[in-house]
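S.K.: give me coordinates for this.
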Amino acid sequence: MEKLVFTEPGTKEKIEAYVLEQTVVAGETYLLVTEEEEGDANCWILKQVTEENDDIIYEIVEDEKQIDALAKVFEELLEDVEIN
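M.R.: Coordinates of the predicted model:
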């Protein structure tokens, strides 16, 4: 499982996350990430908002309707994952 390091813009804190899956919907790239490599854990859906030099900028998807729609896509891609 690929591990990425994200930098929190406000605090500059480094956050490590594991990428469970990546998909493209309507031309937009999304990642399903978690802090734990194995077992039950919280997940977040991130949307790629821009690419600068070698850095890719992601934002957490917060719109509930968008989260629900994307969760269904990720659940289909990952048969053994249930997103609540």
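S.K.: counting contacts, what elements does the least confident helix or strand in the chain by mean pLDDT pack onto?
M.R.: The helix or strand of the chain with the poorest confidence is strand 2-7; it has a mean of 85 (mean pLDDT, DSSP states H and E). Judged by 3 or more C-beta pairs under 8 Å, 6 or more residues apart in numbering; DSSP states H and E, strand 2-7 is in contact with strand 14-25. Where C-beta positions appear, they are placed from N, C-alpha and C, glycine not excepted.
S.K.: about what we covered before: neighbouring strands for the least confident helix or strand of the chain, and are they parallel or not?
M.R.: Take DSSP bridges as the rule and strand 2-7 pairs in its sheet with strand 14-25 (antiparallel).
S.K.: so the next helix or strand after the partner strand versus strand 14-25, what angle?
M.R.: Per DSSP states H and E, the first helix or strand lying C-terminal to strand 14-25 is strand 28-34. Inter-element angle recorded for strand 28-34 and strand 14-25: 140 degrees (by axes from the mean of the first three to the mean of the last three C-alpha atoms, to 10 degrees).
S.K.: going forward, begin numbering at 849 instead of 1
M.R.: Right, with 849 as the first residue, what we last looked at is strand 876-882.
S.K.: quick one: average pLDDT of strand 876-882?
M.R.: For strand 876-882, the mean pLDDT works out to 94.
S.K.: return the set of buried residues in that strand.
M.R.: Of the residues in strand 876-882, 878-882 count as buried by neighbour count, 16 or more other C-beta atoms under 10 Å.
S.K.: same for it, what does it pack against?
M.R.: Checking 3+ C-beta pairs under 8 Å, 6+ apart, strand 876-882 ends up next to strand 862-873, strand 891-900, helix 912-925.
S.K.: how far away from the center of its chain is stretch 896-912?
M.R.: Relative to its chain's centre, stretch 896-912 lies at 10 Å (C-alpha atoms, centre = their mean, to the nearest Å).
S.K.: list the buried ones in it?
M.R.: Going by neighbour count (16+ other C-beta under 10 Å), the buried part of stretch 896-912 is 906, 909.
S.K.: cool, thanks, signing off.
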